[in-house]
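Colleague: the sequence and its predicted three-dimensional model are supplied below.
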Amino acid sequence: MTNLTTENLITTKLAEGSNPDSIKEATLILKNKGLVAFPTETVYGLGGDALDNEAAARIYTAKGRPSDNPLIVHIADTKAVYELASEVPKKAKMLMEAFWPGPLTIILPKKNIVPDGTTGGLDTVAIRMPSHPVALELIRESGLYIAAPSANTSGRPSPTLASHVMEDMNGRIEMILDGGAVGIGIESTIVDITGDVPVILRPGFITKSMLEEIIGEVTIDPALIEPDPNLRPKAPGMKYTHYAPKGELSIVEGATSNVVAKINELVSERIDAGFNAAVITTLENADRFDCENILVAGDRAQGETIAAKLYQVLRQCDELNVDYIFSEAFNDGELGGAIMNRLLKAAGHRVIKV
Ligand code: TXA
Ligand code: MG
(Lines give C-alpha, C1' and ligand atoms only; values in the text may rest on other atoms or scores of the structure.)
(Ligands and ions follow the chains in the order given, each with its own letter.)
Protein backbone atom coordinates (compact mmCIF):
# COMPACT_ATOMS: atom_id res chain seq x y z
CA MET A 1 0.00 0.00 0.00
CA THR A 2 1.07 3.57 -0.62
CA ASN A 3 2.28 5.27 2.52
CA LEU A 4 0.17 8.27 3.36
CA THR A 5 2.44 10.96 4.70
CA THR A 6 1.22 14.20 6.25
CA GLU A 7 1.78 15.96 2.91
CA ASN A 8 -0.72 13.86 1.00
CA LEU A 9 -3.43 13.72 3.66
CA ILE A 10 -6.61 15.45 2.54
CA THR A 11 -9.51 16.95 4.48
CA THR A 12 -12.37 14.54 4.96
CA LYS A 13 -15.71 16.29 5.21
CA LEU A 14 -18.49 14.66 7.23
CA ALA A 15 -21.91 15.61 5.85
CA GLU A 16 -25.55 14.70 6.41
CA GLY A 17 -26.45 12.05 3.82
CA SER A 18 -30.10 13.05 3.54
CA ASN A 19 -29.24 16.69 2.71
CA PRO A 20 -29.60 17.38 -1.06
CA ASP A 21 -26.73 19.91 -0.96
CA SER A 22 -24.41 17.27 0.49
CA ILE A 23 -25.42 14.87 -2.28
CA LYS A 24 -24.64 17.57 -4.88
CA GLU A 25 -21.23 18.19 -3.35
CA ALA A 26 -20.55 14.44 -3.22
CA THR A 27 -21.50 14.18 -6.89
CA LEU A 28 -18.94 16.81 -7.87
CA ILE A 29 -16.24 14.99 -5.93
CA LEU A 30 -17.05 11.69 -7.67
CA LYS A 31 -17.07 13.33 -11.10
CA ASN A 32 -13.55 14.61 -10.37
CA LYS A 33 -12.25 11.13 -9.56
CA GLY A 34 -12.56 11.76 -5.82
CA LEU A 35 -13.83 9.35 -3.16
CA VAL A 36 -17.04 9.56 -1.12
CA ALA A 37 -18.10 7.08 1.56
CA PHE A 38 -21.85 6.53 1.75
CA PRO A 39 -24.33 4.36 3.65
CA THR A 40 -25.92 1.30 2.09
CA GLU A 41 -28.40 -1.05 3.78
CA THR A 42 -25.55 -3.56 4.42
CA VAL A 43 -22.41 -1.58 5.41
CA TYR A 44 -20.87 1.78 4.44
CA GLY A 45 -19.26 1.79 1.00
CA LEU A 46 -16.21 3.69 -0.24
CA GLY A 47 -17.36 5.07 -3.57
CA GLY A 48 -15.54 6.17 -6.72
CA ASP A 49 -16.38 6.34 -10.46
CA ALA A 50 -16.55 2.68 -11.51
CA LEU A 51 -15.59 3.40 -15.12
CA ASP A 52 -12.45 5.31 -14.22
CA ASN A 53 -9.19 3.45 -13.56
CA GLU A 54 -7.72 6.34 -11.61
CA ALA A 55 -10.67 6.48 -9.18
CA ALA A 56 -10.42 2.71 -8.72
CA ALA A 57 -6.70 3.01 -7.99
CA ARG A 58 -7.41 5.66 -5.35
CA ILE A 59 -9.90 3.31 -3.67
CA TYR A 60 -7.24 0.61 -3.34
CA THR A 61 -4.76 3.09 -1.90
CA ALA A 62 -7.26 4.52 0.64
CA LYS A 63 -8.17 1.03 1.86
CA GLY A 64 -4.66 -0.42 1.67
CA ARG A 65 -6.29 -3.19 -0.32
CA PRO A 66 -4.51 -5.70 -2.61
CA SER A 67 -5.37 -4.72 -6.20
CA ASP A 68 -6.32 -8.27 -7.24
CA ASN A 69 -9.45 -7.92 -5.10
CA PRO A 70 -12.22 -6.59 -7.37
CA LEU A 71 -14.80 -3.93 -6.51
CA ILE A 72 -18.61 -4.14 -6.61
CA VAL A 73 -20.29 -1.74 -9.05
CA HIS A 74 -23.38 -0.06 -7.58
CA ILE A 75 -26.25 0.93 -9.85
CA ALA A 76 -29.67 2.52 -9.37
CA ASP A 77 -31.50 1.23 -12.45
CA THR A 78 -31.62 -2.29 -13.93
CA LYS A 79 -30.90 -0.80 -17.37
CA ALA A 80 -27.34 -0.25 -16.15
CA VAL A 81 -26.77 -4.03 -16.03
CA TYR A 82 -26.99 -4.16 -19.81
CA GLU A 83 -24.39 -1.39 -20.12
CA LEU A 84 -21.95 -3.20 -17.84
CA ALA A 85 -22.51 -6.91 -18.55
CA SER A 86 -22.01 -8.60 -21.92
CA GLU A 87 -24.58 -11.28 -21.14
CA VAL A 88 -27.51 -11.33 -18.70
CA PRO A 89 -28.81 -14.90 -18.21
CA LYS A 90 -32.47 -15.51 -17.36
CA LYS A 91 -31.61 -16.53 -13.79
CA ALA A 92 -29.85 -13.22 -13.25
CA LYS A 93 -32.94 -11.36 -14.44
CA MET A 94 -35.11 -13.38 -12.06
CA LEU A 95 -32.83 -12.56 -9.13
CA MET A 96 -32.71 -8.87 -10.05
CA GLU A 97 -36.49 -8.82 -10.17
CA ALA A 98 -36.85 -10.62 -6.83
CA PHE A 99 -34.14 -8.96 -4.72
CA TRP A 100 -33.18 -5.56 -6.16
CA PRO A 101 -32.86 -3.03 -4.80
CA GLY A 102 -31.37 -5.00 -1.91
CA PRO A 103 -28.40 -6.87 -0.40
CA LEU A 104 -27.58 -9.14 -3.36
CA THR A 105 -24.52 -8.82 -5.62
CA ILE A 106 -24.57 -10.67 -8.96
CA ILE A 107 -21.41 -11.69 -10.87
CA LEU A 108 -21.80 -11.39 -14.65
CA PRO A 109 -19.43 -11.39 -17.66
CA LYS A 110 -18.19 -7.82 -18.10
CA LYS A 111 -18.27 -5.48 -21.08
CA ASN A 112 -15.14 -3.60 -22.13
CA ILE A 113 -16.29 -0.29 -20.64
CA VAL A 114 -15.66 -1.71 -17.16
CA PRO A 115 -11.94 -1.12 -16.62
CA ASP A 116 -9.54 -3.75 -15.29
CA GLY A 117 -8.83 -1.43 -12.37
CA THR A 118 -12.37 -2.04 -11.13
CA THR A 119 -12.49 -5.81 -11.70
CA GLY A 120 -8.94 -6.60 -10.60
CA GLY A 121 -8.27 -7.87 -14.12
CA LEU A 122 -11.16 -10.40 -14.08
CA ASP A 123 -13.43 -10.74 -17.11
CA THR A 124 -16.48 -10.66 -14.85
CA VAL A 125 -18.07 -7.77 -12.96
CA ALA A 126 -19.90 -7.73 -9.61
CA ILE A 127 -23.08 -5.62 -9.75
CA ARG A 128 -25.50 -4.61 -7.03
CA MET A 129 -28.42 -2.22 -6.66
CA PRO A 130 -28.50 -1.07 -3.03
CA SER A 131 -31.78 -0.13 -1.37
CA HIS A 132 -30.51 2.62 0.93
CA PRO A 133 -32.09 5.94 -0.14
CA VAL A 134 -28.82 7.89 0.24
CA ALA A 135 -26.94 5.38 -1.92
CA LEU A 136 -29.65 5.43 -4.60
CA GLU A 137 -29.81 9.23 -4.56
CA LEU A 138 -26.03 9.53 -4.92
CA ILE A 139 -25.94 7.13 -7.88
CA ARG A 140 -28.90 8.84 -9.60
CA GLU A 141 -27.73 12.42 -8.98
CA SER A 142 -24.18 11.69 -10.18
CA GLY A 143 -25.32 9.70 -13.21
CA LEU A 144 -22.34 7.42 -12.53
CA TYR A 145 -21.91 3.76 -11.73
CA ILE A 146 -20.22 3.73 -8.35
CA ALA A 147 -17.51 1.21 -7.47
CA ALA A 148 -17.63 0.68 -3.73
CA PRO A 149 -15.91 -1.77 -1.45
CA SER A 150 -16.75 -1.65 2.24
CA ALA A 151 -15.33 1.62 3.62
CA ASN A 152 -12.92 0.04 6.14
CA THR A 153 -9.15 -0.23 6.07
CA SER A 154 -8.36 -3.61 4.50
CA GLY A 155 -8.60 -6.35 7.14
CA ARG A 156 -10.72 -4.38 9.65
CA PRO A 157 -14.43 -4.99 10.27
CA SER A 158 -16.70 -3.28 7.73
CA PRO A 159 -18.14 0.05 8.97
CA THR A 160 -21.73 0.11 10.16
CA LEU A 161 -21.61 3.72 11.42
CA ALA A 162 -20.19 6.91 9.85
CA SER A 163 -17.85 7.17 12.86
CA HIS A 164 -16.29 3.81 11.90
CA VAL A 165 -15.56 5.21 8.43
CA MET A 166 -14.03 8.32 10.00
CA GLU A 167 -11.80 6.11 12.19
CA ASP A 168 -10.38 4.31 9.14
CA MET A 169 -10.59 6.87 6.32
CA ASN A 170 -10.01 10.31 7.86
CA GLY A 171 -7.47 12.15 5.69
CA ARG A 172 -7.69 9.59 2.89
CA ILE A 173 -11.00 10.42 1.19
CA GLU A 174 -12.85 13.66 0.40
CA MET A 175 -16.22 13.06 2.03
CA ILE A 176 -18.39 10.83 4.20
CA LEU A 177 -22.17 10.94 3.85
CA ASP A 178 -23.61 10.11 7.26
CA GLY A 179 -26.77 8.03 7.12
CA GLY A 180 -26.72 6.82 10.73
CA ALA A 181 -26.48 3.13 11.61
CA VAL A 182 -26.95 0.76 8.66
CA GLY A 183 -29.81 -1.75 8.82
CA ILE A 184 -28.31 -5.16 8.04
CA GLY A 185 -24.72 -4.87 9.26
CA ILE A 186 -23.03 -7.59 7.17
CA GLU A 187 -22.07 -7.34 3.50
CA SER A 188 -24.32 -8.41 0.61
CA THR A 189 -24.72 -12.00 -0.51
CA ILE A 190 -22.62 -12.58 -3.66
CA VAL A 191 -23.90 -15.02 -6.27
CA ASP A 192 -21.99 -16.02 -9.40
CA ILE A 193 -24.39 -16.65 -12.24
CA THR A 194 -21.82 -17.27 -15.00
CA GLY A 195 -21.82 -21.11 -14.74
CA ASP A 196 -24.57 -23.73 -15.14
CA VAL A 197 -25.45 -23.82 -11.45
CA PRO A 198 -25.33 -20.47 -9.60
CA VAL A 199 -22.77 -20.39 -6.77
CA ILE A 200 -22.83 -18.34 -3.56
CA LEU A 201 -19.39 -16.75 -3.20
CA ARG A 202 -20.21 -14.88 0.03
CA PRO A 203 -23.15 -15.62 2.37
CA GLY A 204 -25.33 -12.72 3.51
CA PHE A 205 -28.82 -11.58 4.39
CA ILE A 206 -30.26 -13.17 1.19
CA THR A 207 -29.90 -16.85 2.08
CA LYS A 208 -29.42 -19.95 -0.10
CA SER A 209 -33.04 -20.98 0.40
CA MET A 210 -34.29 -17.53 -0.59
CA LEU A 211 -32.26 -17.76 -3.82
CA GLU A 212 -33.42 -21.33 -4.49
CA GLU A 213 -37.03 -20.32 -4.17
CA ILE A 214 -36.53 -18.08 -7.23
CA ILE A 215 -34.03 -19.95 -9.45
CA GLY A 216 -33.84 -23.55 -8.20
CA GLU A 217 -30.54 -25.22 -7.30
CA VAL A 218 -27.79 -23.00 -5.91
CA THR A 219 -24.48 -24.26 -4.47
CA ILE A 220 -22.06 -22.70 -1.99
CA ASP A 221 -18.41 -22.15 -2.95
CA PRO A 222 -16.76 -25.13 -1.16
CA ALA A 223 -13.85 -22.92 -0.10
CA LEU A 224 -16.26 -21.12 2.24
CA ILE A 225 -17.32 -24.16 4.19
CA GLU A 226 -14.04 -25.40 5.69
CA PRO A 227 -10.73 -23.55 5.60
CA ASP A 228 -8.61 -25.59 3.20
CA PRO A 229 -5.33 -24.26 1.78
CA ASN A 230 -5.97 -26.25 -1.41
CA LEU A 231 -9.28 -24.53 -2.13
CA ARG A 232 -9.19 -21.02 -3.52
CA PRO A 233 -12.37 -19.00 -2.90
CA LYS A 234 -13.96 -17.76 -6.13
CA ALA A 235 -14.43 -14.26 -4.69
CA PRO A 236 -10.81 -13.09 -4.38
CA GLY A 237 -11.65 -11.05 -1.26
CA MET A 238 -12.80 -14.11 0.67
CA LYS A 239 -9.23 -15.47 0.89
CA TYR A 240 -7.99 -12.60 3.02
CA THR A 241 -8.02 -12.49 6.83
CA HIS A 242 -10.74 -10.11 7.83
CA TYR A 243 -12.34 -8.39 10.72
CA ALA A 244 -9.74 -9.65 13.18
CA PRO A 245 -9.53 -7.58 16.37
CA LYS A 246 -6.05 -6.90 17.79
CA GLY A 247 -6.72 -9.17 20.77
CA GLU A 248 -6.86 -12.95 20.29
CA LEU A 249 -10.45 -13.97 19.60
CA SER A 250 -11.70 -17.51 20.30
CA ILE A 251 -15.19 -18.88 19.71
CA VAL A 252 -16.55 -21.24 22.39
CA GLU A 253 -19.20 -23.56 21.00
CA GLY A 254 -21.54 -26.09 22.66
CA ALA A 255 -24.50 -26.30 25.03
CA THR A 256 -25.11 -22.88 26.62
CA SER A 257 -24.33 -23.86 30.21
CA ASN A 258 -21.04 -25.47 29.13
CA VAL A 259 -20.15 -22.42 27.04
CA VAL A 260 -20.81 -20.05 29.95
CA ALA A 261 -18.75 -22.18 32.34
CA LYS A 262 -15.84 -22.51 29.89
CA ILE A 263 -15.73 -18.80 29.04
CA ASN A 264 -15.82 -17.86 32.74
CA GLU A 265 -12.95 -20.30 33.39
CA LEU A 266 -10.87 -18.94 30.49
CA VAL A 267 -11.50 -15.30 31.46
CA SER A 268 -10.47 -15.93 35.04
CA GLU A 269 -7.29 -17.76 33.90
CA ARG A 270 -6.28 -14.85 31.67
CA ILE A 271 -7.03 -12.23 34.31
CA ASP A 272 -4.96 -14.17 36.88
CA ALA A 273 -2.09 -14.22 34.39
CA GLY A 274 -2.21 -10.41 34.23
CA PHE A 275 -4.07 -9.98 30.94
CA ASN A 276 -7.41 -8.37 30.25
CA ALA A 277 -10.32 -9.99 28.49
CA ALA A 278 -13.72 -9.38 26.92
CA VAL A 279 -16.73 -11.59 26.28
CA ILE A 280 -18.98 -11.36 23.22
CA THR A 281 -22.45 -12.58 24.08
CA THR A 282 -26.15 -11.90 23.60
CA LEU A 283 -28.85 -10.22 25.68
CA GLU A 284 -30.05 -13.65 26.85
CA ASN A 285 -26.74 -14.61 28.49
CA ALA A 286 -25.07 -11.28 29.28
CA ASP A 287 -25.50 -11.47 33.07
CA ARG A 288 -24.08 -15.01 33.30
CA PHE A 289 -20.48 -13.93 32.73
CA ASP A 290 -17.99 -12.74 35.28
CA CYS A 291 -15.94 -10.29 33.22
CA GLU A 292 -15.35 -6.55 33.25
CA ASN A 293 -15.95 -6.22 29.52
CA ILE A 294 -19.21 -7.76 28.36
CA LEU A 295 -20.07 -6.90 24.76
CA VAL A 296 -23.65 -7.64 23.78
CA ALA A 297 -23.94 -8.43 20.06
CA GLY A 298 -27.73 -8.54 20.01
CA ASP A 299 -30.66 -10.80 20.83
CA ARG A 300 -30.21 -14.51 20.13
CA ALA A 301 -33.90 -14.91 19.33
CA GLN A 302 -33.51 -12.38 16.50
CA GLY A 303 -30.47 -13.20 14.37
CA GLU A 304 -30.72 -9.93 12.45
CA THR A 305 -29.89 -8.00 15.65
CA ILE A 306 -26.62 -9.94 15.94
CA ALA A 307 -25.70 -9.22 12.29
CA ALA A 308 -26.45 -5.54 12.89
CA LYS A 309 -24.14 -5.29 15.94
CA LEU A 310 -21.33 -7.76 15.16
CA TYR A 311 -18.83 -5.41 13.49
CA GLN A 312 -19.43 -2.66 16.04
CA VAL A 313 -18.65 -5.12 18.85
CA LEU A 314 -15.46 -6.30 17.09
CA ARG A 315 -14.34 -2.66 16.77
CA GLN A 316 -15.09 -2.14 20.49
CA CYS A 317 -12.61 -4.92 21.32
CA ASP A 318 -9.88 -2.73 19.82
CA GLU A 319 -11.06 0.38 21.69
CA LEU A 320 -10.97 -1.57 24.96
CA ASN A 321 -7.50 -2.82 24.07
CA VAL A 322 -8.20 -6.29 25.41
CA ASP A 323 -5.67 -9.13 25.02
CA TYR A 324 -8.18 -12.00 24.84
CA ILE A 325 -11.74 -12.15 23.55
CA PHE A 326 -14.10 -15.08 24.00
CA SER A 327 -17.28 -15.23 21.95
CA GLU A 328 -20.31 -17.46 21.98
CA ALA A 329 -21.16 -19.03 18.60
CA PHE A 330 -24.16 -17.65 16.70
CA ASN A 331 -25.15 -20.55 14.46
CA ASP A 332 -28.89 -20.36 14.98
CA GLY A 333 -31.49 -19.31 12.46
CA GLU A 334 -31.42 -18.34 8.79
CA LEU A 335 -28.63 -15.79 9.25
CA GLY A 336 -26.39 -18.04 11.40
CA GLY A 337 -24.25 -19.16 8.46
CA ALA A 338 -23.52 -15.61 7.29
CA ILE A 339 -22.75 -14.39 10.81
CA MET A 340 -20.44 -17.33 11.59
CA ASN A 341 -18.64 -16.87 8.25
CA ARG A 342 -17.51 -13.43 9.52
CA LEU A 343 -16.93 -14.43 13.15
CA LEU A 344 -14.81 -17.46 12.18
CA LYS A 345 -12.61 -15.24 10.00
CA ALA A 346 -12.27 -12.72 12.81
CA ALA A 347 -11.21 -15.60 15.10
CA GLY A 348 -8.79 -17.08 12.55
CA HIS A 349 -10.98 -20.22 12.89
CA ARG A 350 -10.01 -20.65 16.57
CA VAL A 351 -12.95 -22.66 17.97
CA ILE A 352 -13.12 -24.33 21.39
CA LYS A 353 -15.80 -27.05 21.46
CA VAL A 354 -17.31 -27.84 24.86
O1 TXA B 1 -22.67 -5.13 0.95
C2 TXA B 1 -21.73 -4.99 0.17
O3 TXA B 1 -21.55 -5.74 -0.79
C4 TXA B 1 -20.77 -3.82 0.42
C5 TXA B 1 -21.54 -2.52 0.18
C6 TXA B 1 -20.68 -1.30 0.29
O7 TXA B 1 -22.20 -2.59 -1.05
N8 TXA B 1 -19.60 -3.91 -0.41
C9 TXA B 1 -18.63 -4.83 -0.18
O10 TXA B 1 -17.56 -4.72 -1.04
O11 TXA B 1 -18.69 -5.67 0.69
P12 TXA B 1 -16.15 -5.41 -0.77
O13 TXA B 1 -15.26 -4.86 -1.82
O14 TXA B 1 -15.73 -5.19 0.63
O15 TXA B 1 -16.37 -6.91 -1.07
C16 TXA B 1 -16.55 -7.32 -2.41
C17 TXA B 1 -16.32 -8.81 -2.54
C18 TXA B 1 -14.86 -9.19 -2.43
O19 TXA B 1 -14.76 -10.40 -1.70
C20 TXA B 1 -14.47 -9.39 -3.89
O21 TXA B 1 -13.41 -10.29 -4.04
C22 TXA B 1 -15.76 -9.92 -4.48
O23 TXA B 1 -16.75 -9.17 -3.85
N24 TXA B 1 -15.87 -9.67 -5.94
C25 TXA B 1 -15.96 -8.47 -6.57
N26 TXA B 1 -15.99 -8.62 -7.91
C27 TXA B 1 -15.93 -9.95 -8.14
C28 TXA B 1 -15.90 -10.76 -9.33
N29 TXA B 1 -15.96 -10.23 -10.55
N30 TXA B 1 -15.82 -12.11 -9.17
C31 TXA B 1 -15.76 -12.66 -7.93
N32 TXA B 1 -15.79 -11.95 -6.78
C33 TXA B 1 -15.86 -10.63 -6.87
MG1 MG C 1 -14.96 -5.56 2.47
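Modeller: Nice, thanks for sending it over. Ligands and ions are numbered 1, 2, ... in the order given.

Colleague: can you report how many residues lie near residue 74?
Modeller: Here the count is done by other CB atoms under 10 Å, and residue 74 has 28 residues near it. In short, each C-beta sits where N, CA and C put it, glycine included.

Colleague: what separation do you get for it and residue 125?
Modeller: From residue 74 across to residue 125, the span is 12 Å (CB to CB, to the nearest Å).

Colleague: and if you look at residue 290?
Modeller: 51 Å.

Colleague: the more surrounded of these two?
Modeller: residue 125 (26 against 14).

Colleague: quick check: the more buried one is in a strand.
Modeller: Yes: assessed with DSSP: H, G, I helix; E, B strand; the rest coil, residue 125 lies in a strand.

Colleague: need the contact list for it.
Modeller: Residues counted as contacts of residue 125 (CB atoms under 8 Å, 6 or more residues apart in numbering) are 70, 73, 84-85, 107-111, 114, 118-119.

Colleague: if we go to 10 Å?
Modeller: Residues near residue 125 by CB atoms under 10 Å, 6 or more residues apart in numbering: 50, 70-73, 81, 84-86, 106-111, 113-114, 118-119, 145, 147.

Colleague: where does pLDDT dip in the stretch 51-200 of the chain?
Modeller: Applying pLDDT under 70 to the stretch 51-200 of the chain flags no residue at all.

Colleague: hey, where'd the helices end up in it?
Modeller: Here the stretch 51-200 of the chain has its helices, by DSSP state H, counting those that start in this stretch, at 53-63, 79-84, 90-99, 116-119, 133-142, 162-169.

Colleague: got these as a markdown table, with mean neighbour count and distance to residue 307 columns?
Modeller: Putting the helices of the stretch 51-200 of the chain into a markdown table (neighbours: other CB atoms under 10 Å; distance: least, CB to CB, whole Å) gives the following:
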| stretch | mean neighbour count | distance to residue 307 |
| --- | --- | --- |
| helix 53-63 | 20 | 22 |
| helix 79-84 | 15 | 27 |
| helix 90-99 | 17 | 17 |
| helix 116-119 | 22 | 27 |
| helix 133-142 | 20 | 18 |
| helix 162-169 | 22 | 15 |
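
Colleague: residue in the chain nearest to ligand 1?
Modeller: Proximity of the chain to ligand 1 (CB to the nearest ligand atom) peaks at residue 237, 2.2 Å away.

Colleague: and the residue nearest the centre of the chain, what does it touch?
Modeller: Compute the mean C-alpha point of the chain, and by CA atoms, centre = their mean the closest residue is residue 187, 3.6 Å away. Contacts for residue 187 were tallied using CB under 10 Å, 6+ apart; they are 40, 42-43, 45, 72, 103, 105, 128, 149-150, 158, 202-205, 237, 242, 311, 338, 341-342.

Colleague: these in strands, which ones?
Modeller: Per DSSP state E, strands hold the following members of those: 45, 72, 105, 128, 202.

Colleague: shaky segments in the stretch 201-350 of the chain?
Modeller: Ranges of the stretch 201-350 of the chain meeting pLDDT under 70: 241.

Colleague: for it, what lies in contact range of ligand 1?
Modeller: 201-202, 234-238 (CB under 6 Å from any ligand atom).

Colleague: try it again with 5 Å
Modeller: 235-237 (CB under 5 Å from any ligand atom).

Colleague: where exactly do the helices run in the stretch 201-350 of the chain?
Modeller: So, for the stretch 201-350 of the chain - with DSSP H, counting those that start in this stretch - the helices run 208-215, 256-272, 303-320, 336-346.

Colleague: the ones you listed into CSV, with extra columns for mean neighbour count and distance to residue 11?
Modeller: CSV is the format used below for the helices of the stretch 201-350 of the chain (neighbours: other CB under 10 Å; distance: least, CB to CB, whole Å):
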stretch, mean neighbour count, distance to residue 11
helix 208-215, 15, 42
helix 256-272, 16, 42
helix 303-320, 20, 24
helix 336-346, 21, 32
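
Colleague: which residues touch residue 115?
Modeller: Taking CB under 10 Å, 6+ apart, one finds 49-57, 121, 147 in contact with residue 115.

Colleague: which pair in those spans the largest distance?
Modeller: 49 and 121 (18.4 Å; CB to CB).

Colleague: between the two, which one's more packed in?
Modeller: residue 49 (24 against 12).

Colleague: need the contact list for that one.
Modeller: 30-35, 55-56, 58-59, 115, 118, 142, 144-147.

Colleague: how close does it get to residue 188?
Modeller: Between residue 49 and residue 188 the computed distance is 20 Å (CB to CB).

Colleague: please apply the same query to residue 318.
Modeller: 25 Å.

Colleague: just so I know, which of the helices of the stretch 51-200 of the chain lies nearest residue 286?
Modeller: Using CB to CB, the nearest of the helices of the stretch 51-200 of the chain to residue 286 is helix 162-169, at 22.9 Å.

Colleague: need the contact partners of the closest one.
Modeller: 12, 14-17, 35, 37-39, 43-46, 62-64, 150-154, 156-159, 161, 173, 175-182, 311-312, 315, 318-319.

Colleague: for PyMOL, write the selection for the buried entries among those.
Modeller: In PyMOL, this line selects whichever of the contacts of helix 162-169 come out buried by 16 or more other CB atoms under 10 Å:
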select buried, resi 12+14+15+17+35+37+38+39+43+44+45+46+62+63+64+150+151+152+153+154+156+157+158+159+161+173+175+176+177+178+179+182+311+312+315
